[in-house]
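Q: Below: sequence and its predicted model.
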Amino acid sequence: MIRVRDLRVRYREGGRPVDAVRGVSFDVAPGECFGLVGESGSGKSTVLRALVGLASDWSGTMSVEGEPLGKSRSPRFHRRVQMVFQDPYGSLHPRHTVDQALSEPLLVHGLGRERDRRVVQGLADVGLEESFRFRYPHQLSGGQRQRVAIARALMLDPVLLLLDEPTSALDVSVQAEILNLLHRLRRERGLTLLLVGHNLAVVAHMARRLAVMQAGEIVETLTTAQLRAGTPTHPYTRCLLDAARISRRRG
């Protein structure tokens, strides 16, 4: 589903160039949930932005469903690939109702005639009643807002979801609900997920394989079985694992 080779992304900060991603390579199989883990600034979210077309200054090769990606993305790409962002409040227009948020991708892609059916079904798919349709973001809890964001991403029946820390802005109890929702949707729809996060335990809950990023590079790729067995080889991965264990004990 995804093939990335020697991806490099550069941006400018304070007038000087910053190499945010440096030679990253990985593959994601159809139907798989693959994780990218690392601390803030490690480059993991920049990888998603490059894939979806929000980062323009990149080099290397990327392909989705076997089709090479260039500097721009086609309408077909945006129907097949959708992104869910970290902050569910920031990603929803504060003056638009849930109905408007879910309808917008349908109208942009010429599916306005299916609007009512798809919006109602989209809400049901993420566990929200039809009564939520005409509420505004400020009338929803954080978990409900993220459910709406996920429903919006599913409006066009994509095959691939790019998830940029979709639970980090939520309470721990709500995090579990959203992760379980994403797991169910992947199973029911045959979705491929690329999940980015800084919490090793959260990503390992969803993904069977993950890559650990540090300073713009992948330092280790391993399975969650290897992670649970305590066999990571890179010191940074072991530090993340120790931090996750301490967090669980405190919880």
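A: Yep, that arrived. Numbering: from 1, shown residues only.

Q: Strands along the stretch 51-200 of the chain, start to end?
A: Defined through DSSP state E, counting those that start in this stretch, the strands belonging to the stretch 51-200 of the chain, from first to last, are 58-64, 67-68, 81-84, 160-164, 192-197.

Q: hey, which of these is tucked in deepest?
A: For the strands of the stretch 51-200 of the chain, average neighbour numbers computed from mean count of other CB atoms under 10 Å are highest in strand 192-197, which has a mean of 25. The way it works is simple: take the backbone N, C-alpha and C, and place the C-beta from them, glycine included.

Q: hmm, back to that, can you lay out the strands of the stretch 51-200 of the chain as JSON lines showing distance to G230 and mean pLDDT?
A: Converted to JSON lines, these look like this (distance: least, CB to CB, whole Å; pLDDT from 0 to 100):
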{"stretch": "strand 58-64", "distance to G230": "33", "mean pLDDT": "96"}
{"stretch": "strand 67-68", "distance to G230": "39", "mean pLDDT": "94"}
{"stretch": "strand 81-84", "distance to G230": "31", "mean pLDDT": "95"}
{"stretch": "strand 160-164", "distance to G230": "26", "mean pLDDT": "96"}
{"stretch": "strand 192-197", "distance to G230": "20", "mean pLDDT": "95"}
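
Q: can the ones you listed go into JSON lines with extra columns for distance to T237?
A: JSON lines is the format used below for the strands of the stretch 51-200 of the chain (distance: least, CB to CB, whole Å):
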{"stretch": "strand 58-64", "distance to T237": "23"}
{"stretch": "strand 67-68", "distance to T237": "31"}
{"stretch": "strand 81-84", "distance to T237": "25"}
{"stretch": "strand 160-164", "distance to T237": "21"}
{"stretch": "strand 192-197", "distance to T237": "14"}
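
Q: what about those strands, which gets the closest to T231?
A: When the strands of the stretch 51-200 of the chain are ranked by proximity to T231, the top entry is strand 192-197, at 20.7 Å, counting by CB to CB.

Q: contacts for the helix or strand following that closest one?
A: Where DSSP states H and E defines the elements, the next helix or strand beyond strand 192-197 is helix 200-206. Where contact means CB atoms under 8 Å, 6 or more residues apart in numbering, the residues beyond helix 200-206 that reach it are 33, 35-37, 167, 175, 179, 182-183, 193, 195, 197, 210, 224, 227-228, 240-241, 243-244, 247-248.

Q: Just the buried residues of stretch 91-98, please?
A: 91-92, 97-98 (16 or more other CB atoms under 10 Å).

Q: First-to-last residue distance for that stretch?
A: 12 Å (CA to CA, to the nearest Å).

Q: So what touches it?
A: Under the criterion CB under 8 Å, 6+ apart, residues 84-85, 100-101, 104, 123, 132-138, 140, 145, 148-149 lie in contact with stretch 91-98.

Q: Give the PyMOL command for selecting the buried subset of these.
A: Paste this into PyMOL to select the buried members of these, with burial taken from 16+ other CB under 10 Å:
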select buried, resi 84+85+100+101+123+132+133+137+140+145+148+149
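
Q: So among the contacts of helix 200-206, which ones count as buried?
A: The neighbour count (16+ other CB under 10 Å) marks 33, 35-37, 167, 175, 179, 182, 193, 195, 197, 210, 224, 227, 240-241, 244 as buried among those.
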